[in-house]
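**Student:** sharing a model that was predicted from the sequence below.
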Amino acid sequence: MVRVLFPLILLTTMNTQAQTVLEWKPLLHKVYGQNSEILSLQKQKDSAYYQKSAVKSDFAPSLFLFADRTRQEEKTSFRDTDVTTDTYGLKASWNLFNGFSTYNTVRKYSAEENQSESQIRLKMADIRYQLRRAYIQCLISQRALTTWKRLLQLQIDQLSIVQIKYNKGVEALWSVEISKANVEVTKATIELELNNFSKARSNMEVLIGEPLPANIELVDDLDALLKTEVKGELSPNHPELTLLQQQVEEAGADTSIQRAGYLPSLKANLQWADAKIESQDTTHDNQLSLTLTFPLFEGFSTTNQTSKARAIVLAREYTLTDSRLRLEADVIQGRSLYSANLKFLKAKSSEVKATQLWSQTIEKQYRLGVRKYSDWDQAQTKMITSERDYLSSLRDTLESRILLEKTLAVTEEM
């Protein structure tokens with residue numbers, strides 16, 4: 001008898017130790033804040049922003065001070081003379097028109113910046129799925145351990161009663177052996193759940209980047225979670241679709257940049273300066289020039305580069321269309337699967353309550369000598385099977401839910 005009760009006493013002692021309570025949202029935000037891939041994508045976004053800002057400076061004129069000294073050799077029939085000229089003042093240059101190249105380059109870097117933002121949201125959704133999956137697996141194992149410890153106590157009580165009746169000669173040895181086997185199976189099941197909990201815990205630690213406290217308890221919000229709907233529909237703002245759309249925009253901007261090679265460019269240069277020629281008075285050297293450049297022939301380079309960029313646009317548009325159709329189908333299938341799993345889970349919950357009532361009734365009748373041991377064992381086995389099926393259904397239901405949330409790119413942003 002002591003041998004049977006010892007594992008339960010050990011488990012109870014372990015649970016009395018101080019535990020650290022973990023909540024979902026603070027844990028998720030911690031992972032978001034220190035994930036290296038998210039931080040890297042944020043830097044890529046910043047880089048695209050600064051590149052865009054640098055290109056925008058081409059819309060404004062350039063203004064700078066200058067000082068110049070030239071030495072010129074003058075030859076005459078009588079002598080050779082070196083003349084020095086010092087020029088200093090202010091220069092300005094302005095690209096008045098460059099075939100919209102600057103405008104489209106800004107478009108390109110703006111698209112790259114938006115792509116990085118979409119990649120960040122996609123990564124956040126993926127990290128949330130991984131962490132949520134590990135977190136829920138821990139919760140289910142935590143709940144399963146509570147369930148199996150309760151069932152173990154029922155089986156130990158059954159073994160005690162059967163053992164007493166066997167000692168009195170009113171019960172067969174096989175009844176005792178079956179009861180002992182039931183206890184051992186449940187103890188092994190508890191060990192499996194402890195391993196499941198440990199594995200899910202390790203997965204969380206990998207995502208967090210640091211070990212969790214030795215004894216942790218997760219806030220069990222599974223029942224409340226199952227009562228809430230998965231909100232949201234597939235929209236054009238889905239990060240996968242916005243990423244592909246921005247890739248189309250980037251390719252479109254590249255096409256426009258290449259087409260600028262067909263157009264003229266106009267540049268203005270201004271100079272306000274004073275010039276001092278050696279042995280002469282200082283004079284003003286103010287200049288204004290407008291330079292118009294018109295491309296006539298570049299060996300079809302512009303044509304080929306434009307065609308290449310346009311082909312990339314079309315290829316990315318096809319990819320965008322295919323991805324939209326795939327995501328629409330995934331959302332429909334995901335909602336259908338979650339709904340079916342939820343209905344099955346509710347049915348299993350009703351079955352658990354019914355088998356518990358049945359097992360309790362048969363147990364009372366067995367104690368009164370009205371029922372045989374085989375009746376009690378059958379009722380208790382059915383109850384345990386229904387409990388096991390319920391936990392399995394709970395896993396399937398929650399897995400389908402978080403998979404649907406991943407498809408919808410749920411991120412729970414800070």
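**Tutor:** Arrived safely.
**Student:** from the contact counts, what lies against the helix or strand harbouring residue 359?
**Tutor:** Per DSSP states H and E, residue 359 falls inside helix 301-367. Contact here means 3 or more Cβ pairs under 8 Å, 6 or more residues apart in numbering; DSSP states H and E; on that basis helix 301-367 packs against helix 101-167, helix 239-259, helix 373-407. The way it works is simple: take the backbone N, C-alpha and C, and place the C-beta from them, glycine included.
**Student:** can you tell me which of the ones you listed comes nearest to residue 37?
**Tutor:** Of all the helices and strands packed on helix 301-367, helix 101-167 sits nearest to residue 37, with 5.6 Å by Cβ to Cβ.
**Student:** just after that closest one, pick out the following helix or strand.
**Tutor:** helix 173-208.
**Student:** for this structure, which spans come out with low pLDDT?
**Tutor:** 1-18, 74-80, 413-414 (pLDDT under 70).
**Student:** in its sheet, what does the lengthiest strand in it sit against?
**Tutor:** Criterion DSSP state E: the longest strand present in the chain is strand 80-97. If you go by DSSP bridges, strand 80-97 pairs up with strand 62-75 (antiparallel), strand 265-277 (antiparallel).
**Student:** any idea which of those strands is most buried?
**Tutor:** strand 265-277 (a mean of 15; mean count of other Cβ atoms under 10 Å).
**Student:** quick check: angle from that strand to helix 101-167?
**Tutor:** Strand 265-277 runs at 120 degrees relative to helix 101-167, counting by axes from the mean of the first three to the mean of the last three Cα atoms, to 10 degrees.
**Student:** strand 265-277: how far from the chain's middle?
**Tutor:** 55 Å (Cα atoms, centre = their mean, to the nearest Å).
**Student:** who does the helix or strand just after that strand pair up with?
**Tutor:** Helices and strands here follow DSSP H and E; after strand 265-277, the next one along the chain is strand 282-284. The pairing partners recorded for strand 282-284 under DSSP bridges are strand 265-277 (antiparallel).
**Student:** output the partner strand as PDB, nothing but the C-alphas.
**Tutor:** The C-alpha coordinates for strand 265-277 follow below in PDB (Å, rounded to 0.1, in the frame of the first residue of the first chain):
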ATOM      1  CA  SER A 265      17.100  66.100 -68.400                       C
ATOM      2  CA  LEU A 266      17.500  69.700 -67.500                       C
ATOM      3  CA  LYS A 267      20.000  71.000 -65.000                       C
ATOM      4  CA  ALA A 268      20.700  74.600 -63.900                       C
ATOM      5  CA  ASN A 269      24.000  75.900 -62.600                       C
ATOM      6  CA  LEU A 270      24.500  79.300 -61.000                       C
ATOM      7  CA  GLN A 271      27.700  81.100 -59.800                       C
ATOM      8  CA  TRP A 272      28.100  84.300 -57.800                       C
ATOM      9  CA  ALA A 273      31.900  84.900 -57.600                       C
ATOM     10  CA  ASP A 274      34.700  87.500 -57.600                       C
ATOM     11  CA  ALA A 275      37.800  86.900 -59.700                       C
ATOM     12  CA  LYS A 276      41.200  88.600 -59.000                       C
ATOM     13  CA  ILE A 277      43.600  88.300 -61.900                       C
END
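**Student:** could you double-check that residue 402 lies in contact with residue 135?
**Tutor:** No. Judged on Cβ atoms under 8 Å, residue 402 makes no contact with residue 135 at a distance of 9.3 Å.
**Student:** who's in contact with residue 131?
**Tutor:** Contacts for residue 131 (Cβ atoms under 8 Å, 6 or more residues apart in numbering) come out as 27, 28, 31, 204, 207.
**Student:** hmm, try it at 6 Å
**Tutor:** By Cβ atoms under 6 Å, 6 or more residues apart in numbering, the contact list for residue 131 reads 31, 207.
**Student:** same question for residue 356.
**Tutor:** Residue 356 touches residue 383, counting by Cβ under 6 Å, 6+ apart.
**Student:** let's see 10 Å
**Tutor:** Residues counted as contacts of residue 356 (Cβ atoms under 10 Å, 6 or more residues apart in numbering) are 154, 379, 380, 382, 383, 386, 387.
**Student:** again with residue 359
**Tutor:** 154, 158, 376, 377, 378, 379, 380, 381, 382, 383, 384, 386.
**Student:** with these in mind, which one is nearest to residue 44?
**Tutor:** Relative to residue 44, the closest of the contacts of residue 359 is residue 386; by Cβ to Cβ it sits at 52.1 Å.
**Student:** looking at it, the closest one is touching residue 151, isn't it?
**Tutor:** No. At 11.0 Å, residue 386 does not count as touching residue 151 under the criterion of Cβ atoms under 10 Å.
**Student:** so residue 314 sits right up against residue 308, yeah?
**Tutor:** No. Contact criterion Cβ under 10 Å: residue 314 and residue 308 do not qualify, at 11.2 Å.
**Student:** overlap in contacts of those two?
**Tutor:** With Cβ under 10 Å, 6+ apart as the test, residue 314 and residue 308 both reach residue 251.
**Student:** what's the local residue count around residue 182?
**Tutor:** Residue 182 has 21 neighbours, counted by other Cβ atoms under 10 Å.
**Student:** and residue 121, what does it touch?
**Tutor:** Residue 121 touches 38, 41, 237, 238, 239, 240, 242, 243, 409, 411, 413, counting by Cβ under 10 Å, 6+ apart.
**Student:** residues near the third one, how many?
**Tutor:** The burial count assigned to residue 237 is 11, neighbours taken as other Cβ under 10 Å.
**Student:** then residue 116?
**Tutor:** 22.
**Student:** and the longest strand of the chain, which residues are buried?
**Tutor:** Using 16 or more other Cβ atoms under 10 Å as the test for burial, strand 80-97 gives 87, 89, 95.
**Student:** pretty sure the second one sits against residue 65.
**Tutor:** Meaning residue 89. Yes. Under the criterion of Cβ under 10 Å, residue 89 makes contact with residue 65 at 7.5 Å.
**Student:** which residues do the two both contact?
**Tutor:** Taking Cβ under 10 Å, 6+ apart as the criterion, residue 89 and residue 65 both touch residue 273.
**Student:** can you tell me the closest non-neighbouring residue to residue 138?
**Tutor:** Leaving aside its chain neighbours, residue 138 sits nearest to residue 200 (4.4 Å; criterion: Cβ to Cβ, 6 or more residues apart in numbering).
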